[in-house]
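>>> turn this into a structure:
(one chain, ligands or ions: 1)
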Amino acid sequence: MRKYRINGGIALSGAVDISGAKNAAVAILPAAILSDEPCRIENIPNIKDVTISLEILEALGAQVTRIDSHTVEIDPRTLKTYKVDCALARRMRASYYFLGALLGKHGHAWVPMPGGCYLGARPINLHIKGFRALGADVVHLPPETCEEGDGNFAENYVEIEAERLLGNSIYLDTVSVGATVNIMLASVRARGLTVIENAAKEPHIVDLANFLNTMGADVSGAGTDVIKIRGVPSLHSATYSVIPDQIEAGTYMAAVVATHGDVLVRNVIPKHLESITTKLEEMGALIEEMDDAVRVRCAGPLRACHIKTMPHPGFPTDMQPQTGVLLSMAEGASVISEGIWENRFCYVEELARMGAQVTVEDKTKATFTGVPALQGATVRATDLRAGAAMVIAGLAAEGTTYIEDIHYIERGYEDIVEKLRRLGADIELLEE
Ligand code: EPZ
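Presented below is the predicted three-dimensional model:
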């Protein structure tokens, strides 16, 4: 059992460098399949989800050359199959981006689906609606009953194919990052114009569009709710650098606020942090913005506030657990309404072991009654961002905290122990 041990109560100080964005990298790496020549991707984060994406590309037959831990060259010309490896796909949520990439390039895709997950059902109906609108036939879908980690890939996969892909207009009933990504990937080489309406506007959507255009695609409107993709017959080589991870940055900013520290968070795009910065300032943080960094300080007590998670540019759901930890120590009562996922308060039970007072109503609304301090305890990471929240709680708590199931955290946070130690945290990885 590998776990973190944290002795809390130390104010973080110094400077931390933010890595490339996980949710951009896991979309851009499959997108390299669409090119007719090798591509070089820089500033990719050194995390498990990236490693698995690269292993999936290799298993498909692409030539993957690791230049260094943050740079890779992908040559898709040797691709030999349209079927994604089951064992690899089982270990990662975003493997479904290979549906759009393989369909867009080769007109055929077979991808295992990990099924539901900790956040909720993780439906893909909008992805399928997009593929069908482009002229694809859905050969097989997973049965409705698939659950988290259902290893039964005999049933639990999606197969789609298309003689020819034709541009079309697609309205997304719900704003969906994944569906927006997959439709972009499937349509960049389709014949004609594709219009995605009510598209997701996250920074990683814009990053993917910029990468595709660097390869010679014709994508416009990314970052707005209408994205237009004019199909092109071929794509060429490109060198592209992934944007900084705004959720990793927000996580470190929350850790500084939780420990009343003073840290320079470097390699960020402040505009991507606007909703996070605004909320942390409302809670009492002092945040100074520079070109590619923010200085975060928090001297006084935390103030209660209300948060509703929404699609970008609203407050990001992926920062909800981390912010919940801050509100559990704020003076007064705070409410978080989770507007995206049906089950994103799993961390509350773990936080309660540390003395937090939180009540959850119908899984989508939590009321936090602040306590003067959290107490160290043994807790577990119930998912990626909940795990990050437990780290923040341990850093702020009195006494020692042990965090188990840390593999979730390592999926999305590069070198988190080393980065925190450099900020003065007393954190250690225990290999028992
Ligand atoms: C992406 O997930 C992110 N993952 C998630 O981050 C993030 O929480 C989410 O977007 C929202 O920002 C990656 O980018 C790899 P959605 P995704 O499709 O694409 C519903 C993290 O911590 N929906 O935007 O799966 C869905 O149920 C992860 O880094 C449908 O109804 O999210 C949800 O309520 C966790 N039908 C809402 O849309 C569909 O076909 C938003 O989901 C697809 C989605």
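
>>> who in this protein is up against the ligand?
Residues of the chain found near the ligand, taking CB under 6 Å from any ligand atom as the criterion, are 22-23, 26, 94, 119-120, 122-127, 174, 176-179, 200, 317-318, 340-341, 384-385, 412. (Glycine included, C-beta is placed from N, CA and C.)

>>> just the buried residues from the residues you listed, in PyMOL please.
Selecting only the buried members of the residues of the chain next to the ligand in PyMOL, with burial defined as 16 or more other CB atoms under 10 Å, works like this:
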select buried, resi 22+23+26+94+119+122+124+126+127+176+177+178+179+200+317+318+340+341+384+385+412
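
>>> now do the strands in the stretch 301-432 of the chain.
Secondary structure of the stretch 301-432 of the chain by DSSP state E, counting those that start in this stretch: the strands cover 306-308, 333-337, 357-361, 365-369, 378-380, 400-404, 426-431.

>>> take these and write them to JSON lines, including mean neighbour count and mean pLDDT.
Compiled in JSON lines, the strands of the stretch 301-432 of the chain are given as follows (neighbours: other CB atoms under 10 Å; pLDDT from 0 to 100):
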{"stretch": "strand 306-308", "mean neighbour count": "18", "mean pLDDT": "98"}
{"stretch": "strand 333-337", "mean neighbour count": "19", "mean pLDDT": "98"}
{"stretch": "strand 357-361", "mean neighbour count": "14", "mean pLDDT": "97"}
{"stretch": "strand 365-369", "mean neighbour count": "19", "mean pLDDT": "98"}
{"stretch": "strand 378-380", "mean neighbour count": "20", "mean pLDDT": "98"}
{"stretch": "strand 400-404", "mean neighbour count": "20", "mean pLDDT": "98"}
{"stretch": "strand 426-431", "mean neighbour count": "14", "mean pLDDT": "97"}
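
>>> ok and the residue in this protein nearest the ligand?
The shortest separation between the chain and the ligand is 2.8 Å, found at Gly178 (distances taken as CB to the nearest ligand atom).

>>> surely that residue is in a strand?
No: Gly178 is assigned helix when assessed by DSSP: H, G, I helix; E, B strand; the rest coil, not a strand.

>>> contacts only, for it.
With CB atoms under 8 Å, 6 or more residues apart in numbering as the criterion, the residues that contact Gly178 are Ala94, Tyr96, Tyr97, Ile124, Leu126, His127.

>>> repeat the analysis, applying 7 Å as the threshold.
With contact set as CB atoms under 7 Å, 6 or more residues apart in numbering, Gly178 has these partners: Tyr96, His127.

>>> then Arg421?
With contact taken as CB under 7 Å, 6+ apart, Arg421 is in contact with Ile427.
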